[in-house]
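**Student:** Next comes the sequence, and after it the predicted model I'd like to discuss.
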Amino acid sequence: MVARKFQIVGAGADRKIQTTARGYEVLRDPGLNKGTAFTKAERQALQIDGLLPPVVTEDLAPQLERAYAAYHEAPTDLDKHIYLWRLHDNNVTLFYALLQEHLLEILPVVYDPVVGEAIEHYSEVFTRPRGIYLSINEPETVEQKLANFGAGPGDIDLLVASDAEAILGIGDWGTNGVDIAIGKLAVYTAAAGISPYRVVPVILDVGTDNEKLLNDPLYLGYRHGRTRGKAYDDFIDAYVTAARKLFPKALLHWEDFGSTNARRIINRYRGTIPTFNDDEQGTGAIVVAALLNAVRRSGTPWAEQRVVVYGAGTAGAGIADQIRDHIASQGLSKEEATRRIWLVDEPGLLTDDLKDGLLDYQLPYARPHAEVADLKRTRVETDPNAETRWPELAALREKLTNGIIDLATTVDAIKPTILIGTSTKPGSFTEEIVRNLASHVERPIIFPLSNPTALHEATPAHLIEWTDGKVLVATGAPFDDVEYKGVTYKIAQANNAALYPGVGLGVITARAKIVTDEILFAAAKAVAGQATDDTLGASLLPSNADLRTTSSAVAVEIVRTAINQGIAEAKIDDPVEAVRETQWWPVYLPVEAV
Ligand SMILES: NC(=O)c1ccc[n+]([C@@H]2O[C@H](COP(=O)([O-])OP(=O)(O)OC[C@H]3O[C@@H](n4cnc5c(N)ncnc54)[C@H](O)[C@@H]3O)[C@@H](O)[C@H]2O)c1
Ligand SMILES: O=C(O)C[C@H](O)C(=O)O
Ligand SMILES: [Mn+2]
């Protein structure tokens, strides 16, 4: 039973909407509303004749023009973001049609980076609830709250959940983090055509350690510190159990969890249900996609690449794992492949003498202490009371009084061919570090990935200048083209948004039972295959303007992979047709009164 008063029926060109709603109920339902585009016959049948201005507009075009003008009237990016969601509350089709028509321009306003601002100002901009708010204070109500969404077992394809501990690189935002789930889902629809009526955004409110929120009288979440340990795991389990019971076919997507929880959660469920951690797995795969093209252009084989990852949290370690797996597929053992990767985090280069303070998934990369014993140690001022990403790090800080092997020293010693930033520390790829790196490598590959824009480890313009145009660059947020010595450099956006929508579409179409490493690699290859121009300055990845094409290509490859692996539950003869049939696009359908 769907609480909605309409359903989409038929296939292909025969799709239409049937509804039992009448009168203002029709106009006030954003999934039904077409505004001036209702035909005279529809107006009569739906009893809305006279409730609209008399002119009937044949299609979306005049409405798009009005909406785009109003969008530009909004003075700031945050105002534009709010305008767009108000438009969504009025007319879902028009919202997505506008987004689709101006994808490059509007995506950063709906999604990253402006979504970060919206999350910081959530209590002020909150208008209408869009997601499900689950609380660790009431774990016994999880199922009822999910049921209150009003959807039946076959009605939901996808849930995106966040506990908001590590929103982008801006930290802990408690209940405000519901907007990242909403933003990610908007991208699923805009980029891949996942139906906006078959998805659920979920915030898992486990409290917040953000003092600003705890002291803000307008804060809308539970006002206590983050709960951890068994109660946390039980709450996550209550969510998964209820979601599986109510929506047994749905893919469960995890977003922006902290580094101590993200990996444990995905490892717990990934072997048995369709589930996916975007920051670990989606980011790993989009980086591999960009690297497939960058490594080819660099001319240095994978097995000879030396990789430094700066910021070894959920994203950094996820990237490291997928690079390791790909290097291993080139004929090296897993152990040898692991040795091609150096992780640097707040305690500097991760070495095995620090092992008591490292997270389990960082441990395989810890370098033997003897190997780096001669390297210079740099004293760092660390505030013992500063917020730590993981509890053991506090103990490590005391141990590091002799200083750390910092990024500059690591780069100088290792002479990496690939440098990746997922540290949330802006400007940490300094001119000195980058010039040093570039002096040893013909085509240095440097990916500053920390979002939002202001947190990038370096800007593409600087990287291009400091490497005299030799860098192969990709960033997390969108950046403008850079002109340098007569060449236009298109900047690849290695954001998981170029990958996860297609993964979701493919998994949903195939009804894949689980999301395997093979599925992730198929996605990476499919994205890379959309950007094969190797001329100087060409982007390493397809443009976000082509997200729909990219996502469809990814989905088709995933369907094929799922079938080959024997994990597709759907019966599919033609993967291309099956993907197309799953997609929803923002066009007005005929509305029939039933
Ligand atoms: N481009 C993308 O698609 C993409 C995807 C995921 C994450 N990200 C970005 O990557 C960043 C990290 O995200 P995450 O989910 O991995 O967060 P996380 O909290 O799991 O990891 C951040 C890591 O950086 C480390 N760090 C903090 N200060 C440091 C310092 N001074 N030097 C070195 N390391 C330091 C932390 O200790 C932690 O291990 C964020 O800015 C996020 O927006 C980008
Ligand atoms: O949300 C993004 O823009 C990418 C990524 O998931 C992140 O956390 O930064
Ligand atoms: Mn994220």
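**Tutor:** The structure has been received and is ready for your questions. Numbering: from 1, shown residues only. Ligands and ions are numbered 1, 2, ... in the order given.
**Student:** The helix or strand bottoming out on mean pLDDT in the chain and ligand 1 in contact?
**Tutor:** Here the helix or strand of the chain ranked lowest by mean pLDDT, DSSP states H and E is helix 391-399, holding a mean of 74. No: using Cβ under 6 Å from any ligand atom, we find that helix 391-399 stays clear of ligand 1, coming within 6.6 Å at best. Heads up, the C-betas are built off the backbone N, CA and C, glycines and all.
**Student:** helices and strands around the helix or strand just after that helix, which ones?
**Tutor:** Using DSSP states H and E, the next helix or strand after helix 391-399 towards the C-terminus is helix 407-414. For helix 407-414, the elements it packs on are strand 307-310, strand 341-345, strand 348-349, helix 431-438, judged by 3 or more Cβ pairs under 8 Å, 6 or more residues apart in numbering; DSSP states H and E.
**Student:** For ligand 1, find the nearest of those.
**Tutor:** Set against ligand 1 and scored by Cβ to the nearest ligand atom, the helices and strands packed on helix 407-414 come closest in strand 341-345, at 4.3 Å.
**Student:** Now do the contacts for the spatially closest residue to Glu255 that is not a sequence neighbour.
**Tutor:** In space, and not counting its chain neighbours, Glu255 is closest to Ser162: 4.5 Å by Cβ to Cβ, 6 or more residues apart in numbering. Residues near Ser162 by Cβ atoms under 8 Å, 6 or more residues apart in numbering: Gly177, Val178, Ile180, Ala181, Val202, Ile203, Leu204, Trp254, Glu255, Asp256, Phe257.
**Student:** just to revisit the earlier point, among the helices and strands packed on helix 407-414, which is nearest Asp279?
**Tutor:** strand 307-310 (13.8 Å; Cβ to Cβ).
**Student:** Tell me which of the helices and strands packed on helix 407-414 sits nearest to ligand 2.
**Tutor:** The nearest among the helices and strands packed on helix 407-414, by Cβ to the nearest ligand atom, is strand 307-310 at 15.1 Å.
**Student:** List the buried residues for the closest one?
**Tutor:** Buried residues in strand 307-310, counted by 16 or more other Cβ atoms under 10 Å: Val307, Val308, Val309, Tyr310.
**Student:** Would you mind giving me the confidence score for Pro384?
**Tutor:** Per-residue confidence (pLDDT) for Pro384: 60.
**Student:** Arg389 too?
**Tutor:** pLDDT, Arg389: 66.
**Student:** Point out where the protein drops to low pLDDT.
**Tutor:** For the chain, applying pLDDT under 70 flags the ranges 1-3, 382-389.
**Student:** who does the longest helix anywhere in it touch, helix- and strand-wise?
**Tutor:** Longest helix of the chain, by residue count under DSSP state H: helix 547-565. If you count contacts as 3+ Cβ pairs under 8 Å, 6+ apart, helix 547-565 packs onto helix 500-510, helix 517-528, helix 575-582.
**Student:** how does it look with 10 Å?
**Tutor:** Here helix 547-565 touches helix 103-110, helix 283-298, helix 500-510, helix 517-528, helix 575-582, going by 3 or more Cβ pairs under 10 Å, 6 or more residues apart in numbering; DSSP states H and E.
**Student:** roughly how far out does it sit from the chain middle?
**Tutor:** Helix 547-565 has its C-alpha centroid displaced from the chain centroid by 18 Å (Cα atoms, centre = their mean, to the nearest Å).
**Student:** And for stretch 9-17?
**Tutor:** Centroid separation for stretch 9-17 versus its chain: 31 Å, with Cα atoms, centre = their mean.
**Student:** buried set for it?
**Tutor:** In stretch 9-17, counting by 16+ other Cβ under 10 Å, buried: Ile17.
**Student:** same question, stretch 234-254
**Tutor:** Here stretch 234-254 shows 235-236, 238-240, 242-244, 246-247, 249-254 as buried, counting by 16+ other Cβ under 10 Å.
**Student:** that older thread, with respect to Ala438, which of the contacts of Ser162 is nearest?
**Tutor:** Ranked by distance to Ala438 (Cβ to Cβ), the contacts of Ser162 are led by Asp256 at 32.9 Å.
**Student:** could you list every residue that touches the closest one?
**Tutor:** Applying Cβ atoms under 10 Å, 6 or more residues apart in numbering, we find Asp256 in contact with 119, 160-173, 177, 180-181, 184, 262, 277-279, 314.
**Student:** And the furthest pair within the buried residues of stretch 234-254?
**Tutor:** Between any two of those, the greatest separation by Cβ to Cβ is 23.2 Å, found for Phe235 and Lys249.
**Student:** Val434 touches Thr459, doesn't it?
**Tutor:** No: applying Cβ atoms under 10 Å, one finds Val434 not in contact with Thr459, separated by 11.0 Å.
**Student:** which neighbours do these two share?
**Tutor:** Glu465.
**Student:** what about these two, which has more around it?
**Tutor:** The neighbour comparison of Val434 against Thr459 (other Cβ atoms under 10 Å) goes to Val434, with 22 against 19.
**Student:** distance of that one from Ile445?
**Tutor:** According to Cβ to Cβ, to the nearest Å, Val434 and Ile445 sit 12 Å apart.
**Student:** Name the residues contacting each of the two.
**Tutor:** In contact with both Val434 and Ile445: Leu419, Val471, using Cβ under 10 Å, 6+ apart.
**Student:** how many neighbours does the residue of the stretch 351-500 of the chain found nearest ligand 2 have?
**Tutor:** Closest contact between the stretch 351-500 of the chain and ligand 2, by Cβ to the nearest ligand atom, is at Asn451 (3.6 Å). Burial measure for Asn451: 23 neighbouring residues, criterion other Cβ under 10 Å.
**Student:** got it, and Asp89?
**Tutor:** Asp89: 15 surrounding residues under other Cβ under 10 Å.
**Student:** now swap in Glu336 and tell me
**Tutor:** Count around Glu336 with other Cβ under 10 Å applied: 13.
**Student:** ok, now Val411?
**Tutor:** Applying other Cβ under 10 Å, we find 23 residues neighbouring Val411.
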